[in-house]
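Asks: coords please:
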Amino acid sequence: MNKKIEIEFEKGGVFIASLLEDKAPKTCKVVWDNLPLDGKVGHAIFSGKMMYLVVDTKLEELENARSFGFLPGDITYLTPFYGRDTHNEIAIVYGEALVQDVCGLIPANHFAKIVEGSLEDLGNVAARIRECGREKINIRKKTDP
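Replies: Residues are numbered from 1 along each chain as shown. Down below sits the predicted model:
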């Protein structure tokens, strides 16, 4: 059974995601070992229907990586690959998205999938963030009751 994480947005919205440990074991380990993660989540500018959180965790390896083909509820980890001088970030996809910046497509590690919480509600959270600006997010280990 895969480990699960709980994602909570400051102004409402809680979602549970299952880690894809069989497809992205190193990414899952880095994220899991650094939980809880707090910060302000923003809306992507170039990538489409995606929210992102800059994280201090370090991973410079690609696994289960791609730039497109993501589905609503997919969660990715963007690394500073190939010497790219940038930060690491976790992104939550809620609709049509391509992982890219001003220079073009960027591979991102697909490491988790939302399994609890409606994707419609996720889209509403994203719309709120897109329209009203960044808000706090907390990502933590999900423990069964």
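
Asks: look up which residues are beta-bridged to residue 43.
Replies: Counting by DSSP bridges, residue 43 is bridged to residue 51.

Asks: what's near enough to touch it?
Replies: 50-52, 126, 129-130 (CB atoms under 8 Å, 6 or more residues apart in numbering). Bear in mind the C-beta positions are built from the backbone N, C-alpha and C, glycine included.

Asks: rerun that using 10 Å as the cut-off
Replies: 49-52, 94, 126-134 (CB atoms under 10 Å, 6 or more residues apart in numbering).

Asks: residue 38 too?
Replies: 8, 10, 53, 55, 136-140.

Asks: again with residue 6
Replies: 14-17, 35-36, 116-117, 138-143.

Asks: buried subset of those residues as a PyMOL selection?
Replies: In PyMOL, this line selects whichever of the contacts of residue 6 come out buried by 16 or more other CB atoms under 10 Å:
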select buried, resi 15+17+35+117+138+139+142
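
Asks: just name the closest of the contacts of residue 6 to residue 26, please.
Replies: residue 35 (15.5 Å; CB to CB).

Asks: name the element residue 90 belongs to?
Replies: strand 88-97 (DSSP states H and E).

Asks: parallel or antiparallel, which strands does that strand pair with?
Replies: strand 48-55 (antiparallel), strand 74-78 (antiparallel).

Asks: in the shortest one, what's buried?
Replies: For strand 74-78, burial by neighbour count (16+ other CB under 10 Å) applies to 74-78.

Asks: wait, what's in contact with the closest residue to residue 98 other than its chain neighbours?
Replies: Using CB to CB, 6 or more residues apart in numbering and skipping residues adjacent in sequence, the residue nearest residue 98 is residue 68, 4.8 Å away. Contacts here follow CB under 10 Å, 6+ apart; on that basis residue 68 touches 47-48, 96-100, 105, 107-108.
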